[in-house]
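# give me the fold of what follows.
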Amino acid sequence: MSQNDYSRMEDHLDDMGLEQGPTVVTRWVSFTVADETYALNVLDVQEVLRAAEITPIPGAHPAIRGIINLRGNVVTILDARIFFSLPEKPFDDDSRIMVAELRSGEVAGIVVDSVAEVIALDEELVKEAKRSSSDEGSSHILGVVTQQSEKGNDKLIILVDLKGLSDLGEK
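Below is the predicted model of the structure:
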């Protein structure tokens with residue numbers, strides 16, 4: 001095949017919407033907080049809980065709602081709304097606790113408004129998020145992806161990395 005033949009074949013693949021070369025697709029668990037859509041890497045999420053009795057910790061970081069006993073293990077619970085500097089909301093029927101493993105190997109939970117679904121994202125579509133040094137929540141944003149919703153409009157999904165949350169207790 002000549003170079004010209006390769007170019008025509010690549011153009012044809014582009015017209016068909018087929019990818020050329022390997023693409024990296026990762027799976028994410030999407031959730032909502034204050035009508036915004038966020039997602040955690042599915043490999044980081046251990047489980048999703050409907051409800052749990054949360055014991056407050058006096059003097060803890062404001063984003064830490066307290067601790068729970070999860071099958072004999074003490075798990076720190078954070079409130080996503082406070083963590084992302086959003087207005088507080090009481091726990092309701094849609095609220096969930098997403099339990100994830102941190103960089104330190106510890107396990108923590110984060111209270112979210114609702115958990116939606118597992119989605120597959122092409123890493124090439126992820127746009128790096130601009131970070132604000134004044135907001136500690138923004139340091140846990142990996143990037144942003146725009147996807148078309150069922151209604152035909154664009155929906156922004158904010159990709160979150162909770163691996164570094166173990167640093168919260170040290171601040």
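# which SSE is residue 145 in?
Assignment of secondary structure by DSSP states H and E places residue 145 within strand 141-148.
# that strand pairs with which strands?
Under the criterion DSSP bridges, strand 141-148 sits next to strand 127-128 (antiparallel), strand 154-160 (antiparallel) in its sheet.
# between those, which gets nearest to residue 46?
Taking Cβ to Cβ as the measure, these were each checked against residue 46, and strand 154-160 came out nearest at 15.3 Å. In short, each C-beta sits where N, CA and C put it, glycine included.
# restrict that closest one to CA atoms and write it as PDB.
Coordinates of the C-alpha atoms in strand 154-160 are reproduced here as PDB (Å, rounded to 0.1, in the frame of the first residue of the first chain):
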ATOM      1  CA  ASP A 154     -24.300  18.900  26.900                       C
ATOM      2  CA  LYS A 155     -23.700  17.700  30.400                       C
ATOM      3  CA  LEU A 156     -20.500  18.400  32.300                       C
ATOM      4  CA  ILE A 157     -19.000  15.600  34.400                       C
ATOM      5  CA  ILE A 158     -16.400  16.500  37.000                       C
ATOM      6  CA  LEU A 159     -13.900  13.700  37.600                       C
ATOM      7  CA  VAL A 160     -12.800  13.500  41.300                       C
END
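# ok so, going back, need the winner for burial among the strands paired with strand 141-148.
Looking across the strands paired with strand 141-148 with neighbours counted as mean count of other Cβ atoms under 10 Å, the highest average goes to strand 154-160: a mean of 17.
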